[in-house]
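J.: using only what follows, build the 3D model:
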Amino acid sequence: METILKLILTLSLSLCFALTGEAKVKLPVLVSDGMVLQRDQEIVIWGKADAGEGVTVAFNKKKYSATADAEGKWNVILPAMKAGGPFIMTVNDLEIKDILIGDVWLCSGQSNMELPIRRVLDLYADEVKDYENLMIRYVKTPTSENYHGPLEDIPEVSWLPLTTDNALSYAALCYFFARDLYEKTKVPIGIINSSVGGSPIEAWISEEGLKEFPHYLRDRDLHRSDSYVANVRKLEFERRKLWNDILNKEDKGLNENVKWNDPDYDDSDWNKMDLNNKAFSIDGLSFINGSSLFNFFSSDPDHHINLSFINGSFWFRKDIDLPASLSNKEAILRLGCIVDADSVFVNGVFVGTISYQYPPRIYKVPAGLLKQGKNNITIRVISNSGRAEFVDDKPYKLIIEGNEIDLRNDWKFKIGARMPAYSGPPSVSQKPTGFYNGMIAPLQNFKFKGAIWYQGETNAGRHHEYFDLLSSLINNWRTLFKSPDLPFFIAQLPNYMRVSEKPSDGTWAYMREAQQKVTQVIPNTGLAVAIDAGEWNDIHPLNKKDIGKRISLQAQRIAYGDKKIIADGPIFDKMEMSGNQIIISFKEGTNDLMPVDELKGFAIAGEDNIFKWAKAKIENNKVIVWNDEISKPIKIRYAWADNPGEVNLRNKSALPASPFRTDILY
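T.: Next up is the predicted model:
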């Protein structure tokens, strides 16, 4: 009997091993259902298993074998394949479905590369709502950083085919790039988006790539201490919690017997204001009812006045009257953008909140909440460490079945509680090498058609080193992916911030110059100029379609070899002096200039180096620039400012000229 039991036990264990042995094979996250593999290049399929275990990959009617090494790692090399699919792959007993062979693009950068379609629907709702294309796939790698070294994989995530439901999650720039490129090539498109809002370029470069920047590696070394990072994060959490707890305890609007969001609260003694009035956040200024006091401070850069800003909570109330025809309806409340955080109530009922300044405030008001007659809207704004404000030139309105009620004017205002500025501990995230290790290095076995980079806002204050950093990043990634000629395309920073009345400098102008210089020095790179695609009051402009299409043009020209494509606007080549004029020539192929009645955006300077606005005209595909007050001009600048305002030098392909200057020639 004992012998029989042992035999049964042995057979049971053998059966368990047989059932589970092949299931020990583990695939990386991106080798999964719906993936796109790069055509016309050898394909690597890799993973882990028990040491010595045999692995068989079956794909497209062929089988490929490997054996896991002592560390359990294995890979197989599939031959280059033509575009097609969908296919099924098996790896031992694992099945991967709905695979496409096409062109895979790596997209990276900061928040403008992350910005999803749902954030740009004000411009593109009709265009997005009905478009589906199962030949386009997208994956957004989760945020992951590591300061000890490269990781082998990314956190769990799935490939998303382009359906109407999934489209809202696609990054807007990636979406329009992929759509345009697919329409031109009819080849399946895969997008891997590894980007993080606010991230600096040095976070995306390896240790080797930063060897010429030792100060960044020392910063990285500081954050290799896990205990230091954990302690700082704990302190940051505790300080933030304390700050908010004290604010909420002391905020009169939350703690009086009648809360300030109560529609019946008596606000008759509150100050009156319009939403364009910035004075509410400035300490020591007399409040002027209904005025736009302080606007001139923010619009005129020549005023250098030290102001003290109030932090804490601010409350705003407004009553509106509605006719019976608009009552009990579902509505949309648009409250522009607010610095920093807000919570909104309609007739005392909470309808939405945003915790930071950038997203547009678009809140749904459910049916039945609005009534005939008086209705109350209350906004609680929290300022952490800056100037609280309602951002100018944004929509502030209530929309009910197409009827719009303007909400910019006639508000009541009161401070709920004043707080010290929130100054948390030093950040321990987004440090050098962190995102390279966590979000780029794990992709090294993937093959790519090219890479797209939209970043620079965070580094604008350090523009002097950006050319070297971006050059290093490009070479760094090409080495990682074993692709020395990997096409690399850059979205140039758009126009942003207030327009100056006088010719001015600006850190963003120098950043654009560095970005363009990279594409002029490093082969197989291209630039998408966006100087006409920005918004003065939004670091996240809506117009991602034009930028995506311009990158698509660069891809068609460089990555696909279509030399007939004009992908660049006018590129400055040389200048010559002629009396009181400067004559500018542009590189061949970009110089078929678009005629305009009046060229805008040029400034000119003589030997005194004082720039003045200039007149300009097009003659024989050259630009002639002059100012009657300058008899001997020697320098030109075009679109040279953080936001140069309206500039209109283009070629007949409707592509804008990149900002440029000739200062560096002298």
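J.: how about the helices of this protein, start to end?
T.: 2-20, 111-114, 121-128, 164-167, 172-185, 214-222, 226-250, 252-255, 295-299, 434-435, 466-480, 507-521, 545-558 (DSSP state H).
J.: only alpha carbons, please: show the fourth one as CSV.
T.: Below are the C-alpha coordinates for helix 164-167, written out as CSV (Å, rounded to 0.1, in the frame of the first residue of the first chain):
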residue,chain,number,x,y,z
THR,A,164,-13.2,56.0,-30.6
ASP,A,165,-13.1,54.9,-27.0
ASN,A,166,-9.3,54.6,-26.8
ALA,A,167,-8.6,57.7,-28.8
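J.: pLDDT weak spots in the chain?
T.: 1-23, 285-306, 665-666 (pLDDT under 70).
J.: hang on, the earlier thing: which of the helices of the chain sits most buried?
T.: helix 434-435 (a mean of 26; mean count of other C-beta atoms under 10 Å). Placement of C-beta: from N, CA and C, glycine included.
J.: between the helices of the chain, which one is nearest to residue 654?
T.: Comparison of the helices of the chain against residue 654 by C-beta to C-beta identifies helix 545-558 as nearest, at 9.5 Å.
J.: the closest one versus helix 507-521: what angle between them?
T.: Helix 545-558 and helix 507-521 are oriented at 20 degrees to each other (axes from the mean of the first three to the mean of the last three C-alpha atoms, to 10 degrees).
J.: which strand residues bridge residue 626?
T.: residue 581, residue 615 (DSSP bridges).
J.: what's near enough to touch it?
T.: Neighbouring residues of residue 626 by C-beta atoms under 8 Å, 6 or more residues apart in numbering: 580, 581, 582, 604, 614, 615, 616, 633.
J.: the same query, at a cut-off of 10 Å, please.
T.: By C-beta atoms under 10 Å, 6 or more residues apart in numbering, the contact set of residue 626 is 578-583, 602, 604, 614-617, 633.
J.: so what's residue 489 up against?
T.: Neighbour list for residue 489: 105, 107, 177, 450-454, 519, 524-528, 550-555, 558-559, 567 [criterion: C-beta under 10 Å, 6+ apart].
J.: switch to 6 Å and redo it
T.: 452, 526, 551, 554 (C-beta atoms under 6 Å, 6 or more residues apart in numbering).
J.: same check on residue 647?
T.: With C-beta under 6 Å, 6+ apart, residue 647 has these contacts: 600, 601, 639.
J.: excluding covalently adjacent residues, which one is nearest to the last one?
T.: What sits nearest to residue 639 in space, not counting adjacent residues and going by C-beta to C-beta, 6 or more residues apart in numbering, is residue 659, at 3.8 Å.
J.: wouldn't that neighbour be in contact with residue 510 here?
T.: No - the criterion here is C-beta atoms under 6 Å, and residue 659 misses it with residue 510 at 9.8 Å.
J.: before we move on, back to that, next, format the contacts of residue 626 as JSON lines and append neighbour count and distance to residue 156.
T.: Output for those, formatted as JSON lines (neighbours: other C-beta atoms under 10 Å; distance: C-beta to C-beta, whole Å):
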{"residue": "578", "neighbour count": "11", "distance to residue 156": "65"}
{"residue": "579", "neighbour count": "9", "distance to residue 156": "68"}
{"residue": "580", "neighbour count": "15", "distance to residue 156": "66"}
{"residue": "581", "neighbour count": "18", "distance to residue 156": "63"}
{"residue": "582", "neighbour count": "24", "distance to residue 156": "58"}
{"residue": "583", "neighbour count": "17", "distance to residue 156": "59"}
{"residue": "602", "neighbour count": "25", "distance to residue 156": "53"}
{"residue": "604", "neighbour count": "26", "distance to residue 156": "57"}
{"residue": "614", "neighbour count": "25", "distance to residue 156": "57"}
{"residue": "615", "neighbour count": "15", "distance to residue 156": "60"}
{"residue": "616", "neighbour count": "24", "distance to residue 156": "55"}
{"residue": "617", "neighbour count": "15", "distance to residue 156": "59"}
{"residue": "633", "neighbour count": "22", "distance to residue 156": "61"}
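J.: from those, which is closest to residue 196?
T.: Using C-beta to C-beta, the contacts of residue 626 come closest to residue 196 at residue 602, 37.4 Å.
J.: residue 525 against residue 488, yeah?
T.: Yes - assessed by C-beta under 6 Å, residue 525 is found in contact with residue 488 at 4.8 Å.
J.: what's near enough to touch the residue sitting nearest the centre point of the chain?
T.: By C-alpha atoms, centre = their mean, the mean C-alpha position of the chain lies nearest to residue 112, the distance being 1.6 Å. By C-beta under 6 Å, 6+ apart, the residues touching residue 112 are residue 454.
J.: ok, now which ones touch residue 54?
T.: Contact analysis of residue 54 by C-beta under 6 Å, 6+ apart lists residue 67.
J.: domain ranges for this structure?
T.: Residue ranges for each domain of the chain read 246-419, 572-665, as given by automatic domain parsing.
J.: how far does stretch 631-645 stretch from one end to the other?
T.: Distance between the boundary residues of stretch 631-645 (C-alpha to C-alpha, to the nearest Å) amounts to 27 Å.
J.: give me the buried positions along it.
T.: 633, 634, 635, 636, 637, 638, 639, 640, 641, 642, 643, 644 (16 or more other C-beta atoms under 10 Å).
J.: gap between that stretch and the chain center?
T.: 28 Å (C-alpha atoms, centre = their mean, to the nearest Å).
J.: show residues contacting it.
T.: 495-497, 499-500, 504, 506, 508-509, 531, 536, 580, 582, 601-606, 625, 647, 659-663.
J.: dump the helices of the chain to CSV, plus distance to residue 46.
T.: Output for the helices of the chain, formatted as CSV (distance: least, C-beta to C-beta, whole Å):
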stretch, distance to residue 46
helix 2-20, 21
helix 111-114, 27
helix 121-128, 36
helix 164-167, 27
helix 172-185, 25
helix 214-222, 27
helix 226-250, 28
helix 252-255, 55
helix 295-299, 54
helix 434-435, 22
helix 466-480, 15
helix 507-521, 32
helix 545-558, 27
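J.: between those, which one is nearest to residue 458?
T.: Closest approach to residue 458 among those (C-beta to C-beta): helix 111-114, 9.1 Å.
J.: which strand runs longest in this structure?
T.: Longest strand in the chain by number of residues (criterion: DSSP state E): strand 94-109.
J.: sheet-wise, list the partners of that strand with their directions.
T.: Short version: by DSSP bridges, strand 94-109 pairs with strand 36-38 (parallel), strand 84-91 (antiparallel), strand 189-195 (parallel), strand 450-454 (parallel).
J.: appreciated, that's everything.
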